[in-house]
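Enquirer: Please work out how this folds:
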Amino acid sequence: MKARVCGTLAVLACLAAPAAGSARPDIDAAVAASGQARAETAIFYYAWFGTPEGDGEYHHWQQGGSAPPAQVGSSYYPSRGPYSSSDDLVLGAQMREIAGAGVGTVIVSWWGRGSLEDRRLPRILAAARAQDLAVAAHLEPYGGRTVASTGDDIAYLRALGVSDFYVWASVQLPDEEWLALNRSLDDVRLFANTNLPGKAAAGGFDGVYTYDVLLYDGHFFPRYCAQARRLRLLCAPSVGPGYDARRATPDTRLRPRRNGATYDAMWQGAIRARADLVTVTSYNEWHEGTQIESARSVGGYESYEGAWGRRGPAAESAYLDRTAYWSAQYAAARD
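Expert: Just a heads-up that it's a prediction; the model follows:
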């Protein structure tokens with residue numbers, strides 16, 4: 001189950017891929033072609049991090065009883081160290097990385113009007129648009145959320161230029177209310193978070209997404225997207241590098257990264273499924289270890305060492321580079 005304090009979950013044949021240790025030429029070509037790919041790939045992004053220097057106190061880095069900056073609430077340690085999501089320099093660098101990875105849309109975790117994430121949204125919008133990135137909203141289950149309040153939220157965010165909405169835990173609210181809301185909306189797209197496309201169709205949603213990269217992998221995507229297509233829904237399965245929330249939460253379940261093989265298999269499944277969009281879980285959900293943001297080797301923490309043969313500083317950005325590669329492969333497959 002998704003809980004704000006714990007993070008975001010709590011739950012073909014191989015395409016020609018570069019050999020370990022020889023990825024750079026393919027990645028360079030992928031980056032050159034990334035403009036073609038970006039319109040079809042979106043990534044979940046979290047703006048809830050803070051530091052004493054920027055925000056008066058640490059936000060989220062202390063989760064799980066961690067004591068930043070020496071310790072952070074993640075099984076991985078960010079290359080930037082604990083950062084503030086209100087820092088314009090950080091936001092600008094992150095958006096450049098996302099654009100360089102061939103991603104076209106940033107799906108911002110949003111916890112209702114007046115929330116920390118809402119107050120930071122104008123900065124994120126400015127940083128994203130400077131890189132020609134679209135911004136979508138991940139509508140989280142804030143206290144008192146209803147279908148009616150979600151309709152008000154959509155109108156509010158639409159005025160800021162947001163037109164795609166991913167609704168976490170949509171199945172917890174009545175289908176008939178969703179159907180009435182969706183019939184009233186114009187010029188926006190709503191995606192239901194469910195593994196049951198029929199449930200999304202009953203609520204009148206435009207599409208479906210999985211988000212959860214612990215429970216759903218690439219083997220699930222072809223059947224999932226086939227069901228969605230039969231119901232005339234957009235299929236936006238979520239690919240991710242792995243899952244490890246042990247340092248930040250009580251959750252001991254794991255999906256190992258396997259030196260990048262887990263991420264490759266997820267992308268292959270999405271391409272095999274002929275997904276309408278690919279959503280990536282995630283850019284920076286550090287608590288659950290689904291992030292592709294750069295991480296460095298620090299004693300006591302997991303790292304990206306060995307991913308696709310990368311070692312040392314070259315390993316830190318391995319998942320960003322690999323996302324550029326797969327975004328380009330996905331775009332080519334859709335041509």
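
Enquirer: Please, where are all the strands along the stretch 1-150 of the chain?
Expert: Applying DSSP state E, counting those that start in this stretch to the stretch 1-150 of the chain gives strands spanning 41-45, 77-78, 105-110, 134-139.

Enquirer: quick one: strands adjacent to the shortest one?
Expert: What that stands for is strand 77-78. Strands that pair with strand 77-78, judged by DSSP bridges, come out as strand 295-296 (antiparallel).

Enquirer: Kindly provide the whole-number mean pLDDT of the partner strand.
Expert: The average pLDDT for strand 295-296 rounds to 98.

Enquirer: Next secondary structure element downstream of it?
Expert: helix 313-316 (DSSP states H and E).

Enquirer: which SS state does residue 199 fall under?
Expert: helix (DSSP: H, G, I helix; E, B strand; the rest coil).

Enquirer: what pLDDT does the closest residue in space to it that isn't next to it in sequence get?
Expert: Taking Cβ to Cβ, 6 or more residues apart in numbering, and ignoring the residues beside it in sequence, residue 199 has residue 171 as its nearest neighbour in space, at 5.6 Å. For glycine as for every other residue, the C-beta is placed from the backbone atoms N, C-alpha and C. On pLDDT, residue 171 comes in at 95.

Enquirer: Same question for the one 5 residues further on.
Expert: Predicted confidence (pLDDT) for residue 176: 98.

Enquirer: Looks to me like it is in a helix.
Expert: Yes: assignment of residue 176 by three-state DSSP places it within a helix.

Enquirer: quick one on the thing from earlier: what number of residues lie near the residue nearest to residue 199?
Expert: For residue 171, the neighbour count with other Cβ atoms under 10 Å is 18.

Enquirer: measure it to residue 281 for me?
Expert: Distance of residue 171 to residue 281, given as Cβ to Cβ, to the nearest Å: 18 Å.

Enquirer: Which stretch among the strands of the stretch 1-150 of the chain approaches residue 240 most closely?
Expert: strand 41-45 (9.0 Å; Cβ to Cβ).

Enquirer: So in that sheet, which strands flank that closest one, and in what orientation?
Expert: With DSSP bridges as the test, strand 41-45 is paired with strand 105-110 (parallel), strand 278-280 (parallel).

Enquirer: quick one: residue 194 from residue 168, how far?
Expert: 10 Å.

Enquirer: can you check residue 211 too?
Expert: Taking Cβ to Cβ as the measure, residue 211 falls 7 Å from residue 168.

Enquirer: Ok, residue 272 next?
Expert: Per Cβ to Cβ, residue 272 is found 26 Å from residue 168.

Enquirer: between these two, which one's more packed in?
Expert: residue 168 (22 against 17).

Enquirer: Excluding residues flanking it in the chain, which one is nearest the more buried one?
Expert: Using Cβ to Cβ, 6+ apart, the closest residue to residue 168 is residue 193 (4.9 Å).

Enquirer: Look up how far residue 240 lies from that neighbour.
Expert: In this view, residue 193 and residue 240 are 14 Å apart by Cβ to Cβ.

Enquirer: that older thread, show me the contacts for the residue nearest to residue 168.
Expert: Going by Cβ atoms under 8 Å, 6 or more residues apart in numbering, residue 193 touches 166-171, 208-211.

Enquirer: now with 10 Å?
Expert: For residue 193, the contacting residues are 2, 138-139, 166-172, 200, 205, 208-212, 238, by Cβ atoms under 10 Å, 6 or more residues apart in numbering.

Enquirer: so residue 197 sits right up against residue 233, yeah?
Expert: Yes: at 5.5 Å, residue 197 counts as touching residue 233 under the criterion of Cβ atoms under 10 Å.

Enquirer: overlap in contacts of those two?
Expert: 205, 207-208, 225, 227.

Enquirer: When residue 197 and residue 233 are compared, which one has more neighbours?
Expert: A count of neighbours by other Cβ under 10 Å puts residue 197 above the other of residue 197 and residue 233, at 24 against 21.

Enquirer: which helix in the protein runs the most residues?
Expert: Secondary structure of the chain per DSSP state H: the longest helix is helix 318-334.

Enquirer: Okay, helices next: where are they in the stretch 101-250 of the chain?
Expert: Per DSSP state H, counting those that start in this stretch, the stretch 101-250 of the chain carries helices over the ranges 116-130, 147-158, 175-184, 197-202, 221-230.

Enquirer: distance of residue 293 from residue 49?
Expert: Distance, residue 293 to residue 49, by Cβ to Cβ: 11 Å.

Enquirer: the more surrounded of those two?
Expert: Between residue 293 and residue 49, counted using other Cβ under 10 Å, residue 49 has the larger neighbour count: 27 against 23.
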